[in-house]
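In: this one's sequence-less:
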């Protein structure tokens with residue numbers, strides 16, 4: 001019994017070191033130090049010991065409660081970006097002074113077979129988006145790409161007279177006129193950025209749609225995550241290596257995206273599959289320049305990744321707070337086609 005308390009404190013010290021490493025990933029460039037990136041994906045798990053100890057020591061009226069409370073305070077920016085109570089959120093009907101925006105990664109939709117129109121019809125019906133698309137602006141990632149027959153088929157069945165897409169899958173559908181468009185592959189042709197300038201009334205708005213570097217996990221990596229104790233050190237190192245390399249690549253890409261934000265002559269709405277959580281360096285860079293719809297109008301954790309790793313929010317709609325304010329945010333969990341869920345938000349024009 002004597003060993004239980006020292007062991008408990010030793011485990012808490014280890015959890016606290018991991019917590020601090022996790023928090024540092026928010027501020028340190030992955031290219032400068034890769035280790036914190038790995039811990040940042042365990043934010044929710046590492047948060048638990050601090051919450052439990054804070055509650056326990058507060059209940060005991062111990063002065064030691066100040067330690068986990070201080071550690072929680074240090075992590076407030078990441079905690080605020082990861083969880084919202086949503087107590088004051090409203091769900092009013094959209095007005096003429098608002099824009100509705102959807103962002104959705106279709107998970108390699110453009111790689112599906114399209115040998116005839118029947119297969120196109122089957123593919124489109126499989127995800128039902130031709131019936132669900134009611135937003136003013138819809139941004140896709142991994143969508144139509146070079147499969148122009150699918151894009152043409154979809155456009156005939158939805159009420160979006162304006163659109164723009166790039167070769168590898170970013171696409172924007174708009175109910176408002178598009179007066180300018182641009183594509184940048186960023187650091188590799190499998191990701192990329194597109195933007196369109198749309199006109200709503202007297203306002204011109206730049207809509208940016210980005211898809212950043214994937215973690216490129218395969219079955220081996222997911223098996224390592226689900227059964228960490230059953231895998232050898234080589235599999236774990238390979239997993240950590242993929243996490244670190246992906247974050248370094250996203251660091252390069254996000255710096256290019258920030259340049260587009262800086263140079264934009266118009267207010268920006270940015271839809272994204274960041275492939276990064278709200279505890280990441282990439283997220284902090286964007287949230288410093290733009291507001292996150294979830295933080296302003298969301299609730300709970302609102303995970304957007306539908307794959308084998310639960311609880312991840314990696315899809316976002318950011319916006320220029322000088323022009324807009326989010327009044328509603330939701331993730332559509334009824335859509336089962338992709339390994340992402342669609343993110344939907346409503347922005348009031350100030």
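Out: It's in. As the structure is a prediction and not an experimental result, all values here were calculated from the model. Numbers count the residues shown, from 1 in each chain.
In: quick check: residue 51 touching residue 69?
Out: No. Assessed by Cβ atoms under 8 Å, residue 51 is found out of contact with residue 69, at 10.1 Å. Every C-beta, even on glycine, is put in place using the N, C-alpha and C of the backbone.
In: these two: which has the busier surroundings?
Out: Set residue 51 next to residue 69 and count neighbours by other Cβ atoms under 10 Å: residue 69 wins out with 15 against 11.
In: what pLDDT is listed against the more buried one?
Out: Looking at residue 69, its pLDDT reads 96.
In: and the nearest residue to it once chain neighbours are set aside, what helix or strand is that in?
Out: The shortest distance from residue 69 to any residue other than its chain neighbours is 5.3 Å, reached at residue 54 (Cβ to Cβ, 6 or more residues apart in numbering). Assigned by DSSP states H and E, residue 54 belongs to helix 43-59.
In: hmm, who's touching that helix?
Out: Here helix 43-59 makes contact (Cβ atoms under 8 Å, 6 or more residues apart in numbering) with 12, 15-16, 18-19, 22, 39, 64-65, 67-69, 71-72, 75, 78-79, 82, 277, 279, 301, 311.
In: now the buried members of those residues.
Out: Buried by 16 or more other Cβ atoms under 10 Å: 12, 15-16, 18-19, 22, 39, 65, 67-68, 71-72, 75, 78-79, 82, 277, 279, 301, out of the contacts of helix 43-59.
In: quick revisit: what mean pLDDT does the helix holding residue 54 have?
Out: 93.
In: could you give the angle of the helix or strand following it to helix 43-59?
Out: Proceeding C-terminally, helix 43-59 gives way to helix 66-74 as the next helix or strand, assigned by DSSP H and E. For helix 66-74 against helix 43-59, the angle by axes from the mean of the first three to the mean of the last three Cα atoms, to 10 degrees is 140 degrees.
In: list the helices and strands helix 66-74 packs on?
Out: helix 4-24, helix 43-59 (3 or more Cβ pairs under 8 Å, 6 or more residues apart in numbering; DSSP states H and E).
In: 6 Å - rerun?
Out: Where contact means 3 or more Cβ pairs under 6 Å, 6 or more residues apart in numbering; DSSP states H and E, helix 66-74 is packed against helix 43-59.
In: ok, and for the helix it packs on, which residues are buried?
Out: Buried residues in helix 43-59 (16+ other Cβ under 10 Å): 43, 44, 46, 47, 49, 50, 53, 54, 57.
In: could you do stretch 161-177 as well?
Out: For stretch 161-177, the neighbour count (16+ other Cβ under 10 Å) marks 162-166, 168-176 as buried.
In: of these, closest to residue 34?
Out: residue 168 (26.9 Å; Cβ to Cβ).
In: burial count for residue 8?
Out: Residue 8 has 11 nearby residues by other Cβ under 10 Å.
In: rank the buried residues of stretch 161-177 by pLDDT and give me only the lowest.
Out: Confidence by pLDDT is poorest for residue 168 among these, given 78.
In: tell me if I'm right that that one and residue 144 touch.
Out: No. The pair residue 168 and residue 144 fails to qualify as a contact (Cβ atoms under 6 Å) at a distance of 10.0 Å.
In: pLDDT weak spots in the stretch 101-250 of the chain?
Out: Applying pLDDT under 70 to the stretch 101-250 of the chain flags residues 110-116, 119-120, 122-131, 146, 218-222, 224-226, 228-232, 236.
In: let's see that with 90 instead.
Out: In the predicted model, the stretch 101-250 of the chain carries pLDDT under 90 at residues 106-134, 142-159, 166-169, 188-191, 214-244.
In: buried sites along whatever helix or strand residue 255 lives in?
Out: Residue 255 is part of helix 233-263, with elements assigned from DSSP H and E. The neighbour-count check on helix 233-263 (16+ other Cβ under 10 Å) flags 235, 238-240, 242-251, 253-254, 257, 260-261 as buried.
In: what's the domain layout of this structure?
Out: For the chain, automatic domain parsing gives the domain ranges 4-82, 98-349.
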